[in-house]
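Asker: sharing a sequence plus its predicted fold:
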Amino acid sequence: MSDLDTFRHTTIPLAHGTGAIPAVGFGTLIPDREKGRAAIRTALDVGFRHLDAAEAYRNEDVVGDVIKQALDKGTLSREQLFVTTKLWNNNHRPERVRPAIEASLRRLQVDYADAYLIHTPFAFAPGDDQYPKEADGKPAYDKGITLLDTWRAMEELVDAGLARAIGLSDVKLDTVKEIVANARIKPAIVQVESHPYLPEWELLEFCKANGIVLLAFAPLGHGMEPSIHDDPVLKSIAERIGETPAHVALAWAVQRGTAFLTTSTNPEHIRENYEISPIPADSLREIREGITTNVRLNDVVHTGLPGFIPRENRK
């Protein structure tokens, strides 16, 4: 295996569970089911071995069909594949957690999740409504449950062998600290928005100190403004090494010790997002010291509702 292949196959050990998580992962939030099916199949074909799914995406069955086809063909084994999925907000009540993962596993057509994450720290009113609302149109939150209550039920999934690792998503540092301080089984993974414009250095340092993998979504900024692809620091590095700004941003993510997820329906972009190589060490310093833009693109950490923030309202 070449040095480049080794880099693309970088894995990060998990604090609990078995093995390690691939640093390079593919997100499956693709609303068009057939485009999603084709994209996930392409991702596996080019070499991705981490598929990130979620109950809330409403397409776990599509992901499961592609996984089953690959396993049936013998192109990869279950042990070679890292499957993540997530508990949605309306299932935070402890008695709803196990039925939720069991339903996800049936849709994914696997016996266990390599990682099961609490999708957001916000508990919505329990029931079948994915986005329950109050009379004023605001989310109907479940005031009778705490995140730690939900976490205790997540720990039981590890005991039962339904999830090999558990973790958090769309959280801030204080919340992670609270769970780490009180957990019997500490989070193995924390998935948050992170990119050169939102590096989350403090969170990353805490995660590293506690053996937690920081898993970055939107590592290329979702193509939103301000554009990471147009950043002068990333463009300058890309020109020097003969790569693209996207390549630089993804390599930076791996080299600073995080895992990342990209999503695309374009076969060429899927391949490019996988076929990355290291950038020089001085470029890592240049990115950390030279990029001063700090912007959050998704407001889910404040409300539990995924959604991009209008530019004039970003903080």
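Answerer: Received it, and whenever you're ready, just let me know what you need.
Asker: does Pro196 really touch Asp231, like I thought?
Answerer: Yes - using Cβ atoms under 8 Å, Pro196 makes contact with Asp231 at a distance of 6.7 Å. For glycine as for every other residue, the C-beta is placed from the backbone atoms N, C-alpha and C.
Asker: what sits in contact with each of the two?
Answerer: Both Pro196 and Asp231 are in contact with 291, 293, where contact means Cβ atoms under 8 Å, 6 or more residues apart in numbering.
Asker: the strands in the stretch 1-150 of the chain, which residues?
Answerer: With strands called from DSSP state E, counting those that start in this stretch, the stretch 1-150 of the chain shows them at 11-13, 20-22, 24-27, 50-52, 82-87, 115-118.
Asker: just put those strands in JSON lines and tack on mean pLDDT and mean neighbour count.
Answerer: Conversion of the strands of the stretch 1-150 of the chain to JSON lines gives the following (pLDDT from 0 to 100; neighbours: other Cβ atoms under 10 Å):
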{"stretch": "strand 11-13", "mean pLDDT": "96", "mean neighbour count": "15"}
{"stretch": "strand 20-22", "mean pLDDT": "97", "mean neighbour count": "21"}
{"stretch": "strand 24-27", "mean pLDDT": "98", "mean neighbour count": "25"}
{"stretch": "strand 50-52", "mean pLDDT": "98", "mean neighbour count": "25"}
{"stretch": "strand 82-87", "mean pLDDT": "98", "mean neighbour count": "26"}
{"stretch": "strand 115-118", "mean pLDDT": "98", "mean neighbour count": "27"}
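Asker: would you list those strands in a markdown table and tack on distance to Gly307?
Answerer: Below are the strands of the stretch 1-150 of the chain laid out as a markdown table (distance: least, Cβ to Cβ, whole Å):
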| stretch | distance to Gly307 |
| --- | --- |
| strand 11-13 | 29 |
| strand 20-22 | 27 |
| strand 24-27 | 16 |
| strand 50-52 | 19 |
| strand 82-87 | 17 |
| strand 115-118 | 18 |
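Asker: quick one, phi/psi of the spatially closest residue to Val176 that is not a sequence neighbour?
Answerer: The shortest distance from Val176 to any residue other than its chain neighbours is 5.7 Å, reached at Val190 (Cβ to Cβ, 6 or more residues apart in numbering). Dihedral pair for Val190: phi -130, psi 110, per degrees, to the nearest 10.
Asker: let me see the contact set for Val190.
Answerer: With contact set as Cβ under 8 Å, 6+ apart, Val190 has these partners: 167-169, 171, 176, 203, 207, 212-215.
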